[in-house]
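**Student:** only geometry, no sequence info:
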């Protein structure tokens with residue numbers, strides 16, 4: 001008796017292939033009869049269609065619709081490619097935002113159940129407020145001085161410190177370079193650098209950890225400005241320059257720059273730094289930011305022109321890419337649980353672990369929210385509740 005087949009429209013198969021961003025030739029190697037399905041000469045079995053859905057990262061139910069669905073992002077999209085908006089999000093981006101929305105919704109309910117009040121700083125600013133005032137308010141809320149970064153030994157330490165104080169202030173922060181824990185689904189920094197999901201109880205910042213570490217501090221600061229504005233957003237910060245045709249993005253960009261490198265600080269340093277062949281590392285060392293952020297701030301203040309910034313940016317990115325590749329080749333793998341804490345977020349991980357331990361949350365839901373199961377979840381929970389910073 002022949003195996004039953006299912007009726008699926010060829011246009012839905014073509015839509016799923018385009019949506020996946022996987023080269024059609026690669027899919028044909030894994031699914032030899034795909035071309036026949038597309039031409040309507042054959043129909044797949046349910047198992048074959050399930051395999052196709054899994055490989056193309058398509059919800060199976062979508063393949064039974066009368067026509068391809070119009071997938072929209074649940075946050076304002078400020079991503080551009082050149083001067084053109086990006087019109088189709090990848091499955092990796094859609095799934096990542098969906099996962100973060102689930103975490104945020106659970107955390108919001110959990111905090112309300114515990115009696116927590118809304119965070120007073122979420123949405124407390126507007127575009128009419130002075131950039132220096134907003135940046136100062138962010139520093140005060142995070143309990144940072146004007147010279148907080150200069151007191152540390154390196155910009156890498158400053159990035160870690162910033163992550164810690166954001167988490168301590170009540171803002172959920174997740175940094176991941178893959179979808180969940182699936183290393184076969186890397187996030188593309190050219191598609192997005194980060195996003196912010198606004199909620200008065202559980203605002204969430206997500207940073208694409210596949211991006212260069214040297215650029216992540218600016219992304220974090222930019223996302224913080226969005227929290228103060230109370231505006232959710234998705235962006236890719238091409239060359240660290242958001243779409244400044246939008247007033248809100250321009251404002252957040254200016255706040256981020258002032259927060260990381262206060263105007264009075266860089267102006268004080270600039271005269272001496274100009275004596276160097278490359279002044280940006282001088283500023284970077286003094287302010288404990290990356291050279292990229294130092295150059296971006298110099299551009300913001302009109303100390304350099306856009307051509308000089310872009311020339312430096314291109315050289316710096318090329319060198320960073322080479323060093324990153326060298327680190328990958330030398331890497332022996334990191335600490336799984338330390339990585340998990342960065343991906344999940346310390347504050348969120350502690351809340352889930354505590355809720356499971358207290359019986360407020362079923363283990364299966366703890367597994368779903370963290371992406372960890374069995375002994376991996378138990379060990380993560382023990383380390384999270386019994387230790388300090390990851």
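**Tutor:** It's in. On a predicted model such as this, the values are computed, not experimentally measured, just so you know. Numbers count the residues shown, from 1 in each chain.

**Student:** other residues contacting the helix or strand harbouring residue 311?
**Tutor:** Assigned by DSSP states H and E, residue 311 belongs to helix 306-330. Helix 306-330 has contacts (Cβ atoms under 8 Å, 6 or more residues apart in numbering) with 212, 214, 239, 240, 278, 280, 291, 292, 295, 296, 298, 299. Where C-beta positions appear, they are placed from N, C-alpha and C, glycine not excepted.

**Student:** so for that helix, what gets flagged as buried?
**Tutor:** The neighbour-count check on helix 306-330 (16 or more other Cβ atoms under 10 Å) flags 309, 312, 313, 316, 320 as buried.

**Student:** just the residues you listed now: which is nearest residue 179?
**Tutor:** residue 320 (23.7 Å; Cβ to Cβ).

**Student:** got the contact list for the spatially most central residue of the chain?
**Tutor:** By Cα atoms, centre = their mean, the chain has its centre lying nearest to residue 207, at 2.5 Å. Residues in contact with residue 207, defined by Cβ under 8 Å, 6+ apart, are 173, 174, 175, 193, 194, 216, 219, 220, 223.

**Student:** shouldn't the fifth one be in contact with residue 226?
**Tutor:** The one in question is residue 194. No: Residue 194 is not in contact with residue 226 according to Cβ atoms under 8 Å; the separation is 9.5 Å.

**Student:** out of the two, which sits in the busier spot?
**Tutor:** The neighbour comparison of residue 194 against residue 226 (other Cβ atoms under 10 Å) goes to residue 226, with 29 against 25.

**Student:** using the three-state scheme, assign that one.
**Tutor:** Classification of residue 226 using DSSP: H, G, I helix; E, B strand; the rest coil returns helix.

**Student:** report the contact partners of it.
**Tutor:** Counted by Cβ under 8 Å, 6+ apart, residue 226 has contacts 196, 198, 232, 233, 252.

**Student:** what about the closest residue to the first one other than its chain neighbours, distance to residue 123?
**Tutor:** Meaning residue 196. With Cβ to Cβ, 6 or more residues apart in numbering as the criterion, residue 196 has its nearest non-adjacent residue at 4.3 Å, and that residue is residue 226. Applying Cβ to Cβ, to the nearest Å, the value for residue 226 to residue 123 is 10 Å.

**Student:** equivalent analysis for residue 283, please.
**Tutor:** From residue 283 to residue 123 the distance is 32 Å (Cβ to Cβ).

**Student:** surely residue 257 meets residue 294?
**Tutor:** No: look at residue 257 against residue 294 with Cβ under 8 Å: they stay out of range, at 10.4 Å.

**Student:** next, the contact list for the residue lying closest to residue 385 once chain neighbours are set aside, please.
**Tutor:** Leaving aside its sequence neighbours, residue 385 sits nearest to residue 353 (Cβ to Cβ, 6+ apart; 5.2 Å). Taking Cβ under 8 Å, 6+ apart, we find residue 353 in contact with 366, 380, 381, 384, 385.

**Student:** A helix includes the fourth one, no?
**Tutor:** Yes: under three-state DSSP, residue 384 falls within a helix.

**Student:** give me the below-cutoff pLDDT ranges for the stretch 201-350 of the chain.
**Tutor:** Regions of the stretch 201-350 of the chain meeting the criterion pLDDT under 70 cover residues 239-245, 328-334.

**Student:** in which helix or strand does residue 138 reside?
**Tutor:** With DSSP H and E as criterion, residue 138 is part of helix 131-141.

**Student:** quick one: mean pLDDT for that helix?
**Tutor:** Helix 131-141 shows a mean pLDDT of 95.

**Student:** contacts for that helix next, please.
**Tutor:** 121, 124-125, 145-146, 148, 169, 224-225, 228, 251, 254-255, 258-259, 262-263.

**Student:** list the buried residues of that helix.
**Tutor:** Neighbour-count burial for helix 131-141 [16+ other Cβ under 10 Å]: 131, 134, 135, 137, 138, 139, 141.

**Student:** now, which of those sits nearest residue 36?
**Tutor:** residue 138 (57.7 Å).
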